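**Q** Model the structure of this input:
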Amino acid sequence: MPKRNEFEQKALQFIINNGCQGVLQSELWRKLGGSSREGSRIALKLEDKGLIRREKELCNGRWTYRLYPKRLPASIDSISDCPCLMCPESSRCGSASDISPQNCEKLTEWLLFLTENESSELGDS
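**A** As a prediction, the model looks like this:
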């Protein structure tokens, strides 16, 4: 049987790996080979530490919790279409220059696009 901290780390990593769709608490403990009692305690501990959030869910006629990571690892995909990456003015861009992130139309448009998409995704859920 792994130590409690190892079990917590494995549980957190499994939750993070499941990303935005989360994982059922009951499924997590089966995958990690722990008991439901032990799993419940670890889920509460991870929630108290601010690492996950738990949402009550009815699954197959029984109440359980779906566990979501509070933070996901950063990915290059999150900035792959940022206009700054391919900007011909990037060498001249900076806070002391006429060309800067504060007055860049392309960057502003991209950020507004991201904000609109995020808002529509939150509205769909």
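**Q** going forward, measure contacts and count neighbours with C-alpha atoms only.
**A** OK.
**Q** Could you report the separation of the residue nearest to the spatial centre of the chain from residue 33?
**A** Nearest to the geometric centre of the chain sits residue 72, at 3.0 Å (CA atoms, centre = their mean). Computed as CA to CA, to the nearest Å, the residue 72 to residue 33 distance reads 24 Å.
**Q** Model confidence for the residue sitting furthest away from the middle of the chain, exactly?
**A** Going by CA atoms, centre = their mean, the residue of the chain most distant from its centre is residue 98, 36.0 Å out. According to the prediction, residue 98 has pLDDT 86.
**Q** What of the one 4 residues further on?
**A** According to the model's per-residue confidence, residue 102 sits at a pLDDT of 89.
**Q** Tell me how many other residues surround it.
**A** One way to gauge burial is a neighbour count; for residue 102, by other CA atoms under 10 Å, it gives 11.
**Q** give me every residue that touches it.
**A** For residue 102, the set of contacting residues under the criterion of CA atoms under 8 Å, 6 or more residues apart in numbering consists of residue 95.
**Q** That one belongs to a helix?
**A** Yes. Remark: residue 102 belongs to a helix, assigned using DSSP: H, G, I helix; E, B strand; the rest coil.
**Q** contacts for the top helix by length along the chain?
**A** Taking residue count as the measure and DSSP state H as the definition, the longest helix of the chain comes out as helix 105-124. Identification of contacts with helix 105-124 by CA under 8 Å, 6+ apart yields 82-84, 101.
**Q** Backbone dihedrals for residue 52, please?
**A** The main-chain torsion angles of residue 52 are listed as degrees, to the nearest 10 and equal phi -140, psi 170.
**Q** Check residue 82 too.
**A** When read as degrees, to the nearest 10, the backbone of residue 82 gives phi -60, psi 130.
**Q** Tally up the residues packed near it, please.
**A** 14.
**Q** Then residue 24?
**A** If you count neighbours by other CA under 10 Å, residue 24 ends up with 19.
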